[in-house]
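*Asks:* please find the sequence and the predicted model below.
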Amino acid sequence: MDIFLVLAQAGGTAAGKSADIVPLDLVWEQISALSWLQALIAVSFGAVYLLYGWRIFKVLTVVCFGMLGLFAGMKFGHMAGSVLWGGVIGLLGLAALSIPLMKWAVSLLGAVAGGIVTGGIWFAFNLPQQYIWAGAIIGIIAGGMISFIVFKISVMLFTSMGGGVLVIVGFLALLHLYEKTQPTPTNNIYSLVNNHNWFLPVILIFTTGIGMIIQNKLVKDASDWKL
């Protein structure tokens, strides 16, 4: 308890000295940029991802690592003078590498999802953002260890979280669009996202938990499912 008090006090004194680390502005940009159709598509695909990710986790893993390779390749390609080829090589390279190393790739995604959960808890309690990595590391270690002990948990964790993100972004975008159509437009969704640290972590963890519970039920009833 003492360490949380010290960190909270440190966060209060450092609040005016350092910029926020959690990119809430970027999150809001993604939410507010969606149209009605795009938001509905996000909710629909997210629901499938959330509930049935265990059926297609191998494809999702390859896609995730392909996107990671794309962004990393574009970064290095920019320094080398060719963003296009850097992105293509990075995408194909990491996507292809994840196939023979599927178990390691899924475990890494599970560890990252665990880090997001504990980092979100850190953020929700309004602890200093410059130390949020400390909270995230706990989840990364725990998520990684659980992934190697019970591999199915890793699959359900990262697919539930991925689907949860899509559902939440799409649903918040729909609510934001609905607010704008009212005779007296409001900014309640904007306020929840940007002014209440607990909001996004709570709904993400709740949605992820619901997805894991349902997936666990479905996995138990599917005797033909194999890792």
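*Replies:* Perfect, thanks for sending it.

*Asks:* would you map the strands across this protein?
*Replies:* Here the chain has no strands by DSSP state E.

*Asks:* check which helices and strands whichever helix in it runs longest sits against.
*Replies:* As assigned by DSSP state H, the longest helix anywhere in the chain is helix 151-181. Here helix 151-181 touches helix 24-32, helix 36-52, helix 57-80, helix 102-124, helix 132-149, helix 188-195, helix 199-221, going by 3 or more CB pairs under 8 Å, 6 or more residues apart in numbering; DSSP states H and E. C-beta: built from backbone N, CA, C; applies to glycine.

*Asks:* so what does the residue lying farthest from the centre of the chain look like in phi/psi?
*Replies:* Among residues of the chain, the one most distant from the C-alpha centroid is residue 183; the distance is 34.4 Å, by CA atoms, centre = their mean. Main-chain dihedrals, residue 183, degrees, to the nearest 10: phi -50, psi -40.

*Asks:* what sits against residue 213?
*Replies:* Taking CB atoms under 8 Å, 6 or more residues apart in numbering, we find residue 213 in contact with no residue.

*Asks:* what bits of the protein have low per-residue confidence?
*Replies:* The model of the chain has pLDDT under 70 over residues 1-19, 222-227.

*Asks:* buried sites along stretch 210-226?
*Replies:* Burial within stretch 210-226, assessed by neighbour count using 16 or more other CB atoms under 10 Å, is assigned to 211-212, 214-215.

*Asks:* which of these sits closest to residue 168?
*Replies:* Closest to residue 168 out of the buried residues of stretch 210-226 is residue 211 (11.4 Å), distances taken as CB to CB.

*Asks:* what about residue 202, how many neighbours?
*Replies:* The number of residues packed around residue 202, counting by other CB atoms under 10 Å, is 14.

*Asks:* and it, how far from residue 62?
*Replies:* Distance of residue 202 to residue 62, given as CB to CB, to the nearest Å: 31 Å.

*Asks:* contact partners for the residue farthest from the centre of the chain?
*Replies:* Under the criterion of CB under 8 Å, 6+ apart, residue 183 has no neighbours.
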